[in-house]
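1. structure for this input, please:
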Amino acid sequence: RYDGNGDCLVENQMLLDHWGELAGALYQYRHTLNCLDADEDSSFSIVNVHLYTDVFYILKPALEYMSFKNVSFRNNGFPRQCVVIALDLFRKNPRLESFSLSRNGIESRDDVNSLCEIIECHPALQGISLDGCFDRSDYSF
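-> The predicted structure follows:
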């Protein structure tokens, strides 16, 4: 069975348990990560894997407790709600030094405003990568 985007719903549903296992492992690792020295590097990256909103809602609680210095979501085919969740995670992570949303569409004026606020106000942010984020936008904002 397929959804309106041609994605296989059965396959996506079968993988949710595995995403839950990853979220559980991240949650258990949070104390170790948060005890690292300030100069030690820590990164989290999901690249070239389609992330559906259901998957992001599974990962979100674990990632909210993590203080990775570098976070990258690249080429994940995000729907808008995933962009909103990712931006919220970036905003809440005081140790975040760099993030990437490359090849994930940012198409909402609200999301652009939120992104600008994060860039302007974040205490540790030094670098971002947004290549390909505005390819599908009408640039009317």
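2. contacts and neighbour counts: CA atoms only from here.
-> Fine.
3. next, give phi and psi for the residue positioned nearest the centre of the chain.
-> For the chain, the residue nearest the mean C-alpha position is residue 86 (3.8 Å; CA atoms, centre = their mean). As for residue 86, its main-chain torsions (degrees, to the nearest 10) stand at phi -60, psi -50.
4. check residue 40 too.
-> When read as degrees, to the nearest 10, the backbone of residue 40 gives phi -80, psi 140.
5. before we move on, what about residue 109?
-> Torsion angles, degrees, to the nearest 10, at residue 109: phi -60, psi -40.
6. need the pLDDT of the residue nearest to the centre of the chain.
-> Reading off the confidence values, residue 86 has pLDDT 94.
7. what's the burial count for the residue nearest to residue 92 when sequence neighbours are not counted?
-> For residue 92, ignoring the flanking residues on the chain, the nearest one in space by CA to CA, 6 or more residues apart in numbering is residue 64 at 7.3 Å. Residue 64 has 15 neighbouring residues, counting by other CA atoms under 10 Å.
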